[in-house]
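Asks: Return a 3D structure for these sequence lines:
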Amino acid sequence: MKKAIFGIVVLSLALFGCGEKKDAVVVPAKGDAAAGKVIAEKSCKACHGENGGGVAPAIPHLAAQREAYLLASLNEYKNGKRTHAALRDIATQMSEADLRNVAAYFSSLPPVVASATQDVKHTSPYETGKALAASCVKCHGEDGNAKTPGTPTLAGQQPHYLVAAILEYHRDDRKATTMKSVTLDDRLDVEKLALYFAAQTPVQRAAPAKGDPVAGEALSAMCGGCHGARGVSVDSATPSLAGQDAQYLGKATRSYRTTRQNWGMQRYVANLGEKDIDNIVAFYASQTPKAGDQIPSSIQELATKCNHCHDQQDNPAMAAPKMNGQDKDYLVMALRAYRDGKRESTTMHNMSFPYSNAIVEGLASWYASQPAK
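Replies: Numbers count the residues shown, from 1 in each chain. A predicted model of the protein is given here:
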């Protein structure tokens, strides 16, 4: 089945693939692992253990990590490109030779093997979202394709928009008793639910009972700037309108005159007559629905794209880190830091910028659950 994005993520999902511009990789001189061991036992063992494994959550495992990546990371702490007071202090006291030696030492260690009690169970936000969607089936259909007039289709809808809409119902910014009664425990659950529905394939709804689609097309020029050509949005925060239920579209459009808060929509709708709205609705309802963006159908598929850089076993100079078996909390922290611009890497920022916290959590748990190598 064709899948659509949850990336609260573009949000153009070409960003899920590797960017064309790669961060520069310089092949480092080989360090002395024996000399590095002496430094590591003095300065690194308290946090990274005798075996190179993090001693607490959110502390990364360094054992068997790529030497080039370890050296690049140490230099980033030394140069202030990564923010960690203790690590910056330790790194600034090391010479370039010391840094190379420490990197050589940790890379020479065997990978950390998690015990059964430490193993991380992978949970997919797609599957969790499907389970959460059970409470929505009665109105919106099992796959998000509603059949009841006046009820919107959620399948293939833009993910950021779905999250924002659900939260608006919870805050009572939108008036719907049924929707307000649907309670989710936290923001991550909302994101996972939206991810599931956004990943479904939308189907055409019934033809509109009134309105002139041809006249509506001419009036939709202003709408297309946000909602995309013929109502297929390419912005994950802006809803797709193509093939949506006509009754719902009409009600939603008119609500900007009364209860819904959106300055642009309120200003535009204020200048439309009733017939104009019916025509615009008829145009969009008669369009063929499709997902605005495409994403992998699972976290595993997304990880396959990440592995283009992170699983380069035949390139010792590759500065991208190994992630299999890494500490989950550290991976979550690192991915969010790249996404939010708190770590410098053009490639990683561009790739992670579309990721919601649900996707970050899913990717982290996937890699942490894999055997280190």
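
Asks: Same question for stretch 280-291: list its buried residues.
Replies: Across stretch 280-291, burial judged by 16 or more other CB atoms under 10 Å covers 280-287, 289-291. Yep, even glycine has a C-beta here, placed from its N, CA and C like the rest.

Asks: Next: stretch 138-152.
Replies: Under the neighbour-count criterion of 16+ other CB under 10 Å, stretch 138-152 has 139-141, 143-146, 151-152 buried.

Asks: do stretch 215-231 as well
Replies: Of all the residues in stretch 215-231, those buried under the rule 16+ other CB under 10 Å are 215-217, 219-220, 223, 226-228, 230-231.

Asks: give me the number of residues near Arg257?
Replies: 13 (other CB atoms under 10 Å).

Asks: Find me whatever residue is spatially closest to it, sequence neighbours aside.
Replies: Counting by CB to CB, 6 or more residues apart in numbering, Arg257 lies nearest to Val269, which is 5.8 Å off, once chain neighbours are set aside.

Asks: from memory the one you found sits against Tyr256, does it?
Replies: Yes. Between Val269 and Tyr256 there is a contact under CB atoms under 8 Å: 4.5 Å.

Asks: Tell me which of the buried residues of stretch 138-152 fall in strands.
Replies: Among these, no residue falls in strands (DSSP state E).

Asks: So which of those belong to helices?
Replies: Among the buried residues of stretch 138-152, the members falling in helices (DSSP state H) are 139-140.

Asks: circling back: go through the buried residues of stretch 280-291 and name the one with the lowest pLDDT.
Replies: Least confident entry in the buried residues of stretch 280-291, by pLDDT: Ala291, with 75.

Asks: which residues in the stretch 201-350 of the chain form helices?
Replies: Ranges of helices in the stretch 201-350 of the chain, per DSSP state H, counting those that start in this stretch, are 213-219, 221-227, 246-255, 263-269, 274-285, 299-310, 328-339, 346-352.

Asks: Pick the most deeply packed of the ones you listed.
Replies: Across the helices of the stretch 201-350 of the chain, averaging neighbours per residue (mean count of other CB atoms under 10 Å) puts helix 274-285 on top, at a mean of 22.

Asks: Enumerate residues external to that one that contact any of its residues.
Replies: Around helix 274-285, the neighbours that count as contacts under CB atoms under 8 Å, 6 or more residues apart in numbering are 205, 207-208, 210-217, 219-220, 223, 227, 231, 241-246, 249-250, 253-254, 269, 272.

Asks: Number of residues surrounding Asp311?
Replies: 15.

Asks: In contact with it: list those residues for me.
Replies: With contact set as CB under 8 Å, 6+ apart, Asp311 has these partners: Lys322.

Asks: Tell me where the model's unsure across this structure.
Replies: Regions of the chain meeting the criterion pLDDT under 70 cover residues 1-29, 115-122, 177, 180-183, 185, 292-297, 312-318.

Asks: let's go with 50 and repeat that
Replies: 1-25, 116-117 (pLDDT under 50).

Asks: Now tabulate the helices of the stretch 201-350 of the chain in TSV and tack on distance to Ala56.
Replies: Converted to TSV, those look like this (distance: least, CB to CB, whole Å):
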stretch	distance to Ala56
helix 213-219	60
helix 221-227	46
helix 246-255	49
helix 263-269	47
helix 274-285	53
helix 299-310	24
helix 328-339	9
helix 346-352	24
